[in-house]
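In: A predicted structure for the sequence below; I have some questions about it.
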Amino acid sequence: MTSVAGSGVLMAIQVPELKRVFGSRARRIDTSMGNSISSGARWGAAGATAVFLASCADPFQTIDAKVADLLAEGTTAVGAGDAYPVTDAWGSTHPDDSAALNVEQPETVNPTAAAMRFKAMVTTEADALVQRLGQSSPDGKDDILKLEASLQWAVRHAFDYTYAEEEYILSCLSLLVERHLWTPQIADDVISQYSHFASDLATTKSSAAIINDLNVTQRLPWGGQIAASYLATFSHIVQDAGTSEDKIGQFTLSASIPFLRNAGAIAREDIIQAERDLIYAARTFEEFRRSFHVDVVTAYLALQVQQQELDNAMESVALLDKLAERQRALYEAGRARLYDAAEAENNSLQQRSTVSGLQEAYRLAVDRFKIQINYPVELPVLIDRGSFAITPPDVSLDEAVRTALTHRLDLQTDRDRLVDRRRSVRNALNQLLPDLNLAGEVRFGSSDEYYAEFVVPTLEDMESDISLTLSLPLDRTQERIAVRGAQISLERARRAFTQERDEIAVNVRNAVRTIDSSLLSYDIQRRNVEIAGINIESIEADPDSYTVLDQLSAIQSLQQARNGRARAFRTVQQSILRYLLDTGQLRVTPQGKLEPLPGMGIEQTASLSFEQDAA
């Protein structure tokens, strides 16, 4: 027996082949069965035309539109406003069919040592090295990268941000799949078939047929499903010298409904979990956006601190050069020792070496920041010196903890996942019940009558079956084991939730205390800057009253105090942002910018300090 499956159009094309197989008797196939085949061919062609027209439109546009609706739905449900991904970036879904995909041995670039060149440096003079390390773009026109622009760029291009968006998108796609499975599932199979039998009794039998099976299934909300199908068969049978034609049409309506096991809300477990997972994904994405904002701002502040330290070091170089020149002049005039002049010049050279190291560290940090926000690494930029100063909050430890336990989105998700675990236990207990299923089927008979060249079933040969099946739970060992596993998972989830809640409380308390300690450190460093500045002014007023070591110490103290103040200011701002993040109060606009809370003061500063006129 040979069976060939295909479309109605394919079967119409194969009619000449059937004529060749059946020989002279194929005329009956062409006449009596030809009408049936041509009818199937016409409807197959109509179906192919419909498929072609549908394929002209991008099928992914509908999916993208549904995903966009789900993104808006999930983000709105968690109160995140309009901060959700845009699906335009996923419009291109066709794979690349270039020949490179099929290359078995990709090319390797690994030249020999003789084929490469090494350019040696001609001079290593200190000033030339400092200038080379400090240079930026060839034309000296670097773009200034501000914090707000960095955040806007990051939310559009950063790899981590894109990954988070894609995780959110995948949750939407999973929900779309589950929602689709709860809609009527329609399938239509068109089969062209040729069969040939030969037996020892010298009896041969051949047949050609077109079979069309159209069926629809629909899940029921409380378990089970209903199905309807229409089976139409057009066949021509040749047996020895006789021939016959069959036109069979049968309509079947069936249903299966459980009453105990797998009945009730457990039947909707997949769609329930998928709907809840969308909310979890929306919360996770919003939490990521807030954490991402803190990470980018922290990295940007670190760059500004490095920039400030570099400026302080270069200012120290200027002071040390001035001191070295003065000591050299005093030595040449016979008013100072050679040791003092040499010591001053040595400290100036050491400071230049420090500056070169700071310059290279700063440039490396800038490049890493570009990678963090996916900014073109080859484009030279300068970090803007302007920063922000958030007024520290006035909050008690208990108030901060209560706010965190109420507003933290991740804690809310973990609390809701406990409900998922409890539902898993309920579903596992349901599997211990006996099976009590009601099943029924109604079939309408067949007829040779035509209506618009279709086989139409009638009620003359209607058949129906109905059954109620009870399956006693004689062996539910695996199900009982699954119940125990679900119960253990629930208890573990409860303990993990309690531990996480306690850790959040501890972290929030630490965040509040960190703000206080960082403010104290900042105040100390601010006073150190004032004292160091007074010392420098005193030395410049009467330099002959101080030794070289005193002047070197004063310059070093001023540099360290300014560096310490910049670091302390960064720590204060970072601790405030961390407090807002840990308590669930941080709000970020869709452009990645901090959204101030009522009563929150944010001022601009150009000196990494709360004092606008700080030196």
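Out: Sure thing, it's come through.
In: residue 379 touches residue 143, doesn't it?
Out: Yes - between residue 379 and residue 143 a contact is recorded at 6.9 Å, counting by Cβ atoms under 8 Å. To be clear about C-beta, it is placed using only N, CA and C from the backbone, and glycine gets the same treatment.
In: averaged pLDDT, the host helix or strand of residue 342. What do you get?
Out: Using DSSP states H and E, residue 342 maps to helix 338-373. The average pLDDT within helix 338-373 is 87.
In: please apply the same query to stretch 161-169.
Out: The pLDDT scores in stretch 161-169 average 93.
In: and it, how far out from the chain middle?
Out: 2 Å (Cα atoms, centre = their mean, to the nearest Å).
In: buried residues, it. List them.
Out: Buried residues in stretch 161-169, counted by 16 or more other Cβ atoms under 10 Å: 161, 164, 165, 168, 169.
In: in a strand, the third one, correct?
Out: What it means is residue 165. No - counting by DSSP: H, G, I helix; E, B strand; the rest coil, residue 165 falls outside a strand, being helix.
In: so what's it up against?
Out: 85, 285 (Cβ atoms under 8 Å, 6 or more residues apart in numbering).
In: the fourth one now?
Out: Shown here is residue 168, whose contacts under the criterion Cβ under 8 Å, 6+ apart are 71, 74, 84, 85, 281, 282, 284, 285.
In: so what's the fifth one up against?
Out: Pointing back at residue 281 there. If a contact means Cβ under 8 Å, 6+ apart, then residue 281 has 74, 167, 168, 171, 172 as its contacts.
In: for it, which three-state class applies?
Out: helix.
In: measure it to residue 172 for me?
Out: 8 Å (Cβ to Cβ, to the nearest Å).
In: which intervals of the stretch 301-450 of the chain have sub-threshold pLDDT?
Out: For the stretch 301-450 of the chain, residues meeting the criterion pLDDT under 70 lie at 446-450.
In: which residue ranges of it form strands?
Out: Along the stretch 301-450 of the chain, the segments classed as strands by DSSP state E, counting those that start in this stretch run 381-383, 387-390, 435-444, 450-451.
In: out of those strands, which gets nearest to residue 186?
Out: strand 435-444 (19.2 Å; Cβ to Cβ).
In: can you list contacts of the closest one?
Out: Here strand 435-444 makes contact (Cβ under 8 Å, 6+ apart) with 224, 250-262, 457-459, 461-471.
In: what residues are bridge-paired with residue 253?
Out: Residue 253 forms beta bridges with residue 228, residue 442, as assigned by DSSP bridges.
In: would you confirm that it contacts residue 227?
Out: Yes - counting by Cβ under 8 Å, residue 253 touches residue 227, with 7.5 Å between them.
In: and residue 560, what is it in contact with?
Out: 528, 532.
In: now do the same for it: helix, strand or coil?
Out: helix.
In: what pLDDT does it get?
Out: Value for residue 560, per-residue pLDDT: 87.
In: just the element for residue 250, please.
Out: strand 242-258.
In: just to revisit the earlier point, just name the closest of the buried residues of stretch 161-169 to residue 432, please.
Out: Of all the buried residues of stretch 161-169, residue 432 sits closest to residue 168, with 37.3 Å by Cβ to Cβ.
In: okay, the angle between the helix or strand hosting the closest one and helix 338-373?
Out: Assigned by DSSP H and E, residue 168 falls within helix 159-181. Counting by axes from the mean of the first three to the mean of the last three Cα atoms, to 10 degrees, helix 159-181 points 20 degrees away from the direction of helix 338-373.
In: paired strands for the following helix or strand past helix 159-181, with orientation please.
Out: Downstream of helix 159-181, the first helix or strand assigned by DSSP H and E is strand 185-198. Paired strands of strand 185-198, with direction, are strand 204-219 (antiparallel) (DSSP bridges).
In: check the average confidence over the strand it pairs with, would you?
Out: 86.
In: redo the strands of the stretch 301-450 of the chain as TSV? Include mean neighbour count and distance to residue 100.
Out: Output for the strands of the stretch 301-450 of the chain, formatted as TSV (neighbours: other Cβ atoms under 10 Å; distance: least, Cβ to Cβ, whole Å):
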stretch	mean neighbour count	distance to residue 100
strand 381-383	18	34
strand 387-390	19	47
strand 435-444	16	54
strand 450-451	10	56
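In: kindly reformat those as JSON lines containing distance to residue 508.
Out: JSON lines is the format used below for those (distance: least, Cβ to Cβ, whole Å):
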{"stretch": "strand 381-383", "distance to residue 508": "31"}
{"stretch": "strand 387-390", "distance to residue 508": "17"}
{"stretch": "strand 435-444", "distance to residue 508": "51"}
{"stretch": "strand 450-451", "distance to residue 508": "75"}
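In: shaky segments in the stretch 501-615 of the chain?
Out: 612-615.
In: tell me where it has helices.
Out: Listed in chain order, the helices of the stretch 501-615 of the chain (DSSP state H, counting those that start in this stretch) span residues 548-582.
In: I figured residue 150 hits residue 370, correct?
Out: No - the criterion here is Cβ under 8 Å, and residue 150 misses it with residue 370 at 9.5 Å.
In: so between those two, which is more surrounded?
Out: For residue 150 versus residue 370, the count of surrounding residues by other Cβ atoms under 10 Å is larger for residue 150: 25 against 18.
In: sounds good, over and out.
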